[in-house]
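Chemist: The following block contains a protein sequence and its predicted model.
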Amino acid sequence: MTAKAIELQEIDKRFFGVPVLRKVSLSVFCGETLGLAGENGAGKSTLMNILGGNLQPDSGSLLLAGQPYRPRSPHDAAKAGIAFIHQELNLFSNLSIAENLFLTDFPTRAGIIDRRVLRRRTGELLDQAGLNLSPETPVHRLSSGQRQLVEIAKALSLDPKVILFDEPTTSLTQREKEHLFSLVARLQSRGLTLIYISHVLADLTRLCHRVAVLRDGQVAGCGPMKDFSHDRLITLMVGRSLEVQFPPPTSAPAPEPILEARDLTRRGKISGVSFCLRRGEILGIAGLMGSGRTELARLLFGLDPLTGGSIHLEGRPVQHLSPRQRIARGLAFLTEDRREDGLCLDASITENISLVAAASYTRRPLGWLRLDSLRLAVAMIRERVQLTSTARDSQPVRTLSGGNQQKAVLAKWLLARPRVLLLDEPTRGIDVGAKHEIYTLIRQLSAAGAGILIISSEIEELTGLCDRILVLASGCLHDEIPKAAFDPERILRSAMAGAAASTPSSALP
């Protein structure tokens, strides 16, 4: 029988008195890839943070290659041969790739950093990760996908025996994802032991030998991957079957536009994009990474200035207004990176949810907050987005799972009662149960007359929710697809053809 690389024995962990892990016992065999599945808040990342030395268990024990293992820090874990690739990347954007890879262990000569050796070793690691970049490239110039691959190169620099992957494909394009899978296959062939957390169940099926499912901090099931169908995994994760992933529409969009973009242009980013969003419509934006999807949303919200064009919200021009003024007119923007742009991580749940709408709960003329009214409103909006009931209002939002953090961002905007919502990757990195809840909420908002624009890398998400889909390529509007003509192959072909046909010199001013 294959030896055990890792054993976890009755691991318990609590945060603020709330159980997160309860008597978790699990084994990982040498040379295997174990998939770890579960809803947001099930305890997956907490378990990996204990293995990676970022957290200490309240009780229970760990064995590594049969020996007692109790890391007190990530450094201890790295010394023991465990590398942890976090979902939220740990890179310094102001430093180069090389400096990030060897930040704690620069090669030196006579007490001085040996830049030649640094470049050579960085180049070798980038080759392993499949990144054709200069070691001196500043990290702030990299795309999200490239940063993820740098994080993997950083892990490989430790020459690990065990690698923990926490949602590694969240920010990757399909091409980068395929490269990652090839890299995982090579690591498997070298005999490394891998633990792979993912909400993409098809990826677990493709990559993993066995799978363990956590629910409410306990092991709900574990065994060979071949014994777990997609439906069985979902049932184990959420405790029930999901008959319909995408709730059906209950109403049709109104004919009148609520948001109009006319010839939007930003030099080098967006060129001549025009469209209208109707009241009660869910409009999808598709495109490859770098197509201009997020840049378009930033223009609509006023975060970046226009070079040309106009924006009308409910018939009134808003292109000269600040984001604050656009919020007052009823515009909301859920950004792609919730931790960087959507939340104040060390502030409480209540403080985060009330960030946008707090001014509406003040007493004039002094501006004192009406705390009782605000708390009541926060409680109601928490219930509406189904934010976990086990978390206290005063609890720091960073202690929530990824799915509950995303719900907190949604709650923040819904408390302001927007009429138009711009949603950039609204379900990135969250589980199927939380996705279903967010999809249901989106349907309810559109039925109430809100206009919703969804940017998503998941074609299935766009086809399952949207009334129309616009395809962007190289900053230009390349295609408009009505619901009756939705076809994943057409959408992808359109995005790729548009990208191939457009060049920065011909498509962008």
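Modeler: Nice, I can see it. All values derive from a computational prediction rather than experimental measurement.
Chemist: which residues are in contact with stretch 60-73?
Modeler: 3-12, 23-24, 30, 50-54, 56, 77, 80-82, 162 (C-beta atoms under 8 Å, 6 or more residues apart in numbering). (Each C-beta comes from the backbone N, C-alpha and C, glycine too.)
Chemist: out of these, which are buried?
Modeler: 4-8, 11, 24, 50-54, 77, 80-82, 162 (16 or more other C-beta atoms under 10 Å).
Chemist: Narrow these to those in helices?
Modeler: 50, 51, 77 (DSSP state H).
Chemist: quick check, nearest of the residues you listed to residue 207?
Modeler: residue 51 (18.7 Å; C-beta to C-beta).
Chemist: I'd assumed residue 83 was in contact with that closest one.
Modeler: No - shown here, residue 51 and residue 83 do not form a contact pair, counting by C-beta atoms under 8 Å, at 10.6 Å.
Chemist: shared neighbours, those two?
Modeler: The contact sets of residue 51 and residue 83 overlap at residue 164 (C-beta under 8 Å, 6+ apart).
Chemist: Double-check residue 479 against residue 486; I have them as touching.
Modeler: No - using C-beta under 8 Å, residue 479 is not in contact with residue 486, being 11.9 Å away.
Chemist: Mind exporting the C-alpha coordinates of the helix or strand where residue 462 lies to PDB?
Modeler: Assigned by DSSP states H and E, residue 462 belongs to helix 459-465. Output of helix 459-465 as PDB, limited to C-alpha atoms (Å, rounded to 0.1, in the frame of the first residue of the first chain):
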ATOM      1  CA  ILE A 459     -19.600  31.200 -21.000                       C
ATOM      2  CA  GLU A 460     -22.100  28.900 -19.300                       C
ATOM      3  CA  GLU A 461     -22.800  31.600 -16.800                       C
ATOM      4  CA  LEU A 462     -23.600  34.200 -19.500                       C
ATOM      5  CA  THR A 463     -25.800  31.800 -21.500                       C
ATOM      6  CA  GLY A 464     -27.600  30.700 -18.400                       C
ATOM      7  CA  LEU A 465     -28.500  34.200 -17.100                       C
END
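Chemist: And the following helix or strand past that helix, how far out from the chain middle?
Modeler: Downstream of helix 459-465, the next assigned helix or strand under DSSP H and E is strand 468-473. Centroid displacement of strand 468-473 relative to its chain, using C-alpha atoms, centre = their mean, to the nearest Å, is 21 Å.
Chemist: if we can go back for a sec, in strands, which of the contacts of stretch 60-73 fall?
Modeler: 4-12, 23-24, 82, 162 (DSSP state E).
Chemist: returning to what we had before: what packs against the helix holding residue 462?
Modeler: Under the contact criterion of 3 or more C-beta pairs under 8 Å, 6 or more residues apart in numbering; DSSP states H and E, helix 459-465 touches strand 282-286, helix 432-447, strand 451-455, helix 488-501.
Chemist: again, only this time at 10 Å
Modeler: Secondary-structure packing of helix 459-465 (3 or more C-beta pairs under 10 Å, 6 or more residues apart in numbering; DSSP states H and E): strand 282-286, helix 432-447, strand 451-455, strand 468-473, helix 488-501.
Chemist: Select, out of these, the one closest to residue 113.
Modeler: Between residue 113 and the helices and strands packed on helix 459-465, the shortest separation by C-beta to C-beta is 39.7 Å, and it involves helix 488-501.
Chemist: Tell me the residue in this structure that is farthest from the middle.
Modeler: residue 110 (43.5 Å; C-alpha atoms, centre = their mean).
Chemist: Who are the contact partners of that residue?
Modeler: For residue 110, no residue meets the contact criterion (C-beta atoms under 10 Å, 6 or more residues apart in numbering).
Chemist: any idea how far residue 99 is from it?
Modeler: Residue 110 sits at a distance of 20 Å from residue 99 (criterion: C-beta to C-beta, to the nearest Å).
Chemist: For burial, what's the neighbour tally of residue 423?
Modeler: 26 (other C-beta atoms under 10 Å).
Chemist: how close does it sit to residue 438?
Modeler: Residue 423 is 9 Å from residue 438, where distance means C-beta to C-beta.
Chemist: Could you pull out the residues contacting both of those two?
Modeler: If you check residue 423 and residue 438 against C-beta under 10 Å, 6+ apart, the residues they both contact are residue 410.
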